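Novice: just to be clear, the model below is a prediction. Sequence and coordinates:
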Amino acid sequence: MPSASPARAAGPPSTPGFGAAVRARRTIGLAVLVGLLAACAAASLLIGARALPPGEVWRVLGTPDGGEASAVVWSLRLPRTAIGIAVGAALGTAGVLMQSHTRNPIADPGVLGVAHGAALGVVLGVFLLGLTEVSAFVWLAVAGALAASAAVFAIAAGGSRGPTPVTLVLAGAAMSALLGGLVSAIVLMDHASLEVYRFWRLGTLAGRPLDVLWQVLPFIAAGLALAAANAPGLNALALGDDVATALGQRVRLTRATGVAAIALLTGAATAAAGPIAFVGLAAPHLARAVAGPDHRWMLPLAAPAGACLVLAADIAGRVVRGSGEVEVGIVLAVLGAPFFIALVRRGRMIAP
């Protein structure tokens, strides 16, 4: 008896009832995540160190009057909410791509050295150019992230088989170590670089003007477009490189597209808010639990999941200290690590 094709053997039962149930679950899951994101965005606008009545917040959102409430909402809360949504969506999407391309369920976008490349760009800007404004860091951080990713892909593609999950991870680890050492050397030599880098590396949405969002938004949009184009290829790569090639996929081009998307998304997110951990690690698992292995659904589910995680952590950081606030990167590290450890110990982690 001839064996079933790999694609059919790897997939779920192809019955009309099963397919309808899966589509319904995915649609409901996406609707729930979008609803949660809307609730988190509303809470981000309403909650802050300065207590404002909800009616006042909605009034000044519709008709800014130049008063104190209008300044708080439009200059502080709205920018950090919008940037939080963009950063979370970018990191969640990049996490799906990273875990799928490396076939590693605990990989995050930083595996390719993107965050270290962005950090080196910022530090060099402070050290060589004397920059101190957040908006001035964006282009340098994105350039550093793209350069690091291009170097990792070039190194990983040097073998006869081209870039593979193993060579990508090894090249990324080597690049991260190199760039991390360069950053440490510079900040230890220059006090100004150390002061700027020490605050930037915590990961925060506070103090980011809306101009930062407009600067990184084209990179995030391009990264999301590449991710959407990469989804069908990822479904084929999940069956193995040989099967993907037999199905007509250009494996090297698919991987190059994925690495470019990861670099754009992670570089832009890191440039806007600094290095933020856990989002690119957890959001893909939340999306995969709802969507299953189909990347055409995982990617649109991971984007609102990542945005919800960032906004929820930012809100928690505003209220946990009362008069002060804790940076979103710290909140995610403190709350995210125990959650992920519990997820692993309960055996609910789903491999790509």
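Specialist: It's in. Here the structure is a predicted model, which is why all the values come from computation and not from measurement. Numbers count the residues shown, from 1 in each chain.
Novice: C-alpha from now on. contacts and neighbour counts both.
Specialist: Fine.
Novice: D314: neighbour count?
Specialist: Counted with other CA atoms under 10 Å, the neighbours of D314 add up to 27.
Novice: which SSE is it in?
Specialist: Secondary structure from DSSP states H and E places D314 in helix 295-319.
Novice: what residue ranges in this structure score low on pLDDT?
Specialist: Applying pLDDT under 70 to the chain flags residues 1-18, 159-162, 321-324, 339, 343-344, 346-352.
Novice: now do the helices in the stretch 1-150 of the chain.
Specialist: 6-10, 16-46, 54-62, 68-71, 78-102, 114-129, 134-156 (DSSP state H, counting those that start in this stretch).
Novice: could you export those as JSON lines, including distance to D242?
Specialist: Listed next are the helices of the stretch 1-150 of the chain as JSON lines, based on distance: least, CA to CA, whole Å:
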{"stretch": "helix 6-10", "distance to D242": "11"}
{"stretch": "helix 16-46", "distance to D242": "27"}
{"stretch": "helix 54-62", "distance to D242": "54"}
{"stretch": "helix 68-71", "distance to D242": "58"}
{"stretch": "helix 78-102", "distance to D242": "15"}
{"stretch": "helix 114-129", "distance to D242": "28"}
{"stretch": "helix 134-156", "distance to D242": "18"}
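Novice: ranking those by burial, who's on top?
Specialist: Comparing the helices of the stretch 1-150 of the chain by mean neighbour count (mean count of other CA atoms under 10 Å), helix 78-102 ranks first with a mean of 28.
Novice: pretty sure V187 sits against V122.
Specialist: No - checked against CA atoms under 8 Å, the pair V187 and V122 is beyond contact range at 10.9 Å.
Novice: what sits in contact with each of the two?
Specialist: Common neighbours of V187 and V122 (criterion: CA atoms under 8 Å, 6 or more residues apart in numbering): Y197.
Novice: so who does L170 touch?
Specialist: Contacts for L170 (CA under 8 Å, 6+ apart) come out as A156.
Novice: I'd like the numbering to begin with 311 instead of 1 from here.
Specialist: Yep, numbering from 311; the last one is L480 now.
Novice: A587 versus the closest residue to L498 other than its chain neighbours, what's the distance?
Specialist: If the residues on either side of it in the chain are set aside, L498 comes closest to L504, at 6.8 Å by CA to CA, 6 or more residues apart in numbering. Separation of L504 from A587 (CA to CA, to the nearest Å) stands at 21 Å.
Novice: quick one, which of the two is more surrounded?
Specialist: Using other CA under 10 Å as the criterion, L504 and A587 rank with A587 on top: 22 against 19.
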